[in-house]
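Trainee: Sequence plus predicted model, see below.
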Amino acid sequence: MLAVLALAAVAAATSTVADAQPIEKDFKYKDALRYYHSESSTLLKNSLLSAGFSVDEINEMDDTYLDFAARALTAEKERIERIRDALKEDSNNNHKAEDVTAAQTCSHNDGQCAASQASSSSSSTTTKKDRYSPDFGHFKTHDLKPGQAELMRWEDDGSIVQDYAARVGLPPTLIPTIKAYAEGMGLMDYMTNMLYDDPLDPGEAKWFSFQSPYQKEGSSSSTSDGMRNFTWNVERPDKKWKSDMHWFNTADELAHEDALRALAKGGFDQVLAAIGKEMELDSLNVDSFGFVAVTNCDRGFIHTDWEDVDGRAFNFLLGIATPEDAGPELIVEGHRKGEIYYGDNAGILVGDGTRHGTRECDHRHNRGVRISCSIYLSDVTKDNLEILAGDTTSIFPPTGDTAAEWVWRQRGRHWSKDGGRSLVNDTGRKPFNVEDNMKGCKKELCTQEDDGGRYRNECMKTCKVFIDDDEYKPGSERVEIYGY
């Protein structure tokens, strides 16, 4: 019986090969069989023995059948390999190969943890959705037109995730412009190397001085004489974040104003208009600008950026750089936790009461760094002013009464439902001047790395936290003031 099954398998294999590649009429079977006889029949006999056939059953089979079977099976193997290679090539043309990256996720408030999922090995046929974890919900991620905003919805039932969580279609120029801006002033090098070569301790901060790449492009001199210097700050959040995440933010008004020019060049006005219309706002202005860099995160810290602001303050997140083998980058929480990639087509808007956090990751095996851009936006009103001015996420704007006054002077600056306001034609904030709050302020103490910016907050004029109105020229278009 086993011999009969073996012969049937040989016949089937021969038929398959014949269908795939017909044998020519002048093919010399006996010569071919003699050629394969010395090796293939012995190998096939050994395989049959390993499969459980008896010696007597194998001896019943003529070597001619065995040799022909070996040839047929070899040809069939080659045919399957050709199909496999074609499928791989087709998959590579449509999907970017990545590794599965998923791990345990815990909510800071409820302490609930999702089960871990081990990363699988890299495969050329792996798609982004292959890296999704079954322990998370997932969202609709269809392509959006530039300037198109939609509330985030669950993929399985189409229900709304949260009232102030949305995806917004990006102008094709936005991410390349922001990335080139960071590269041009040297910040990109810090973000990609600092976390490996000189990381901060949790709770630690550091200061950097940069010059605008736009300023350099417009300078007739190859030296830096007469060029404006502005300050950025990097800090590492405390240990509850369970990661090596570092925050890089503008640290004075000049740095903030320069970053706004990058957003203007990148087409961010389309994003502002989409958000304003979708959220039914009166106006919008950009409050702060920065980057988040991370190489590994053991547990996503689920949190909100804004609470009780009447749905009028947001954090807009977009991916700037991600390792080749990265998994989903962000967690957004509604009645369950969901994971999502930033992607090139859309950014993620998280607003009033929207719980979210960094998706667990580990890119250290290839010295990878995941970098996202964080842009805070607000529709300032008297009711939410105190909360907006009290935000401590970034070093700029500072907190307190001075900050509240500065935030109020920004209101409605970059978009209005009535039209006429934009980043491209930005005329700046309203008049605003500050003085030092204490005597004896010294410029060299403005960037102390161990006081959390407290000295700067007391010596805002000396430390040039804000631009003097004589230089700022409120009411004039920024492109006229800065030359770009």
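Mentor: Now that the structure is in, tell me what you want to look at. Residues are numbered from 1 along each chain as shown.
Trainee: any weak-confidence spans in the stretch 151-300 of the chain?
Mentor: 216-226 (pLDDT under 70).
Trainee: For it, which segments count as strands?
Mentor: Taking DSSP state E, counting those that start in this stretch to define them, one finds strands in the stretch 151-300 of the chain at 165-169, 205-210, 230-235, 246-250, 283-294, 296-297.
Trainee: Ok, which of those comes nearest D436?
Mentor: strand 230-235 (17.0 Å; Cβ to Cβ). No exception for glycine: its C-beta is placed from N, CA and C like everyone else's.
Trainee: Find the centremost residue of the protein, please.
Mentor: The residue lying closest to the centre of the chain (Cα atoms, centre = their mean) is G319, at 3.4 Å.
Trainee: Grab the nearest non-local neighbour of that one.
Mentor: Y342 (3.2 Å; Cβ to Cβ, 6 or more residues apart in numbering).
Trainee: State the distance from that neighbour to L318.
Mentor: 6 Å (Cβ to Cβ, to the nearest Å).
Trainee: Would you mind confirming that M279 makes contact with A313?
Mentor: No. Assessed by Cβ atoms under 8 Å, M279 is found out of contact with A313, at 10.4 Å.
Trainee: what touches both of these two?
Mentor: G351 (Cβ atoms under 8 Å, 6 or more residues apart in numbering).
Trainee: Show me which of those two is the more surrounded one.
Mentor: A313 (24 against 21; other Cβ atoms under 10 Å).
Trainee: Strand 165-169 and the strand or helix carrying L318, what's the angle between them?
Mentor: L318 is part of strand 313-321, with elements assigned from DSSP states H and E. Taking axes from the mean of the first three to the mean of the last three Cα atoms, to 10 degrees, one finds strand 313-321 and strand 165-169 inclined to each other by 50 degrees.
Trainee: Any regions of the stretch 1-150 of the chain where pLDDT drops low?
Mentor: For the stretch 1-150 of the chain (pLDDT under 70), the answer is 1-46, 49-52, 55-127.
Trainee: now with 50?
Mentor: For the stretch 1-150 of the chain, residues meeting the criterion pLDDT under 50 lie at 1-21, 33, 35-38, 96-124.
Trainee: Show me the beta-bridge partners of I340.
Mentor: L330 (DSSP bridges).
Trainee: Now that it has come up, it's in contact with E333, right?
Mentor: No. Using Cβ under 8 Å, I340 is not in contact with E333; the gap is 11.4 Å.
Trainee: What count of nearby residues applies to the closest residue to T192 other than its chain neighbours?
Mentor: Nearest residue to T192 in three dimensions, chain neighbours excluded: V369, at 5.0 Å (Cβ to Cβ, 6+ apart). For V369, the neighbour count with other Cβ under 10 Å is 22.
Trainee: Name all residues that make contact with V369.
Mentor: M191, T192, L195, A293, V294, T295, A321, P323, H363.
Trainee: any idea which of these is the one closest to H142?
Mentor: A321 (23.8 Å).
Trainee: can I assume the closest one is in contact with K179?
Mentor: Yes. Look at A321 against K179 with Cβ under 8 Å: they come within range, at 7.1 Å.
Trainee: Which residue ranges of the stretch 101-250 of the chain form helices?
Mentor: Here the stretch 101-250 of the chain has its helices, by DSSP state H, counting those that start in this stretch, at 174-184, 187-197, 213-218.
Trainee: Make CSV out of these and add mean neighbour count and distance to D468.
Mentor: Listed next are these as CSV, based on neighbours: other Cβ atoms under 10 Å; distance: least, Cβ to Cβ, whole Å:
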stretch, mean neighbour count, distance to D468
helix 174-184, 19, 25
helix 187-197, 17, 26
helix 213-218, 16, 19
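Trainee: Nearest to Q410, out of those?
Mentor: helix 174-184 (20.6 Å).
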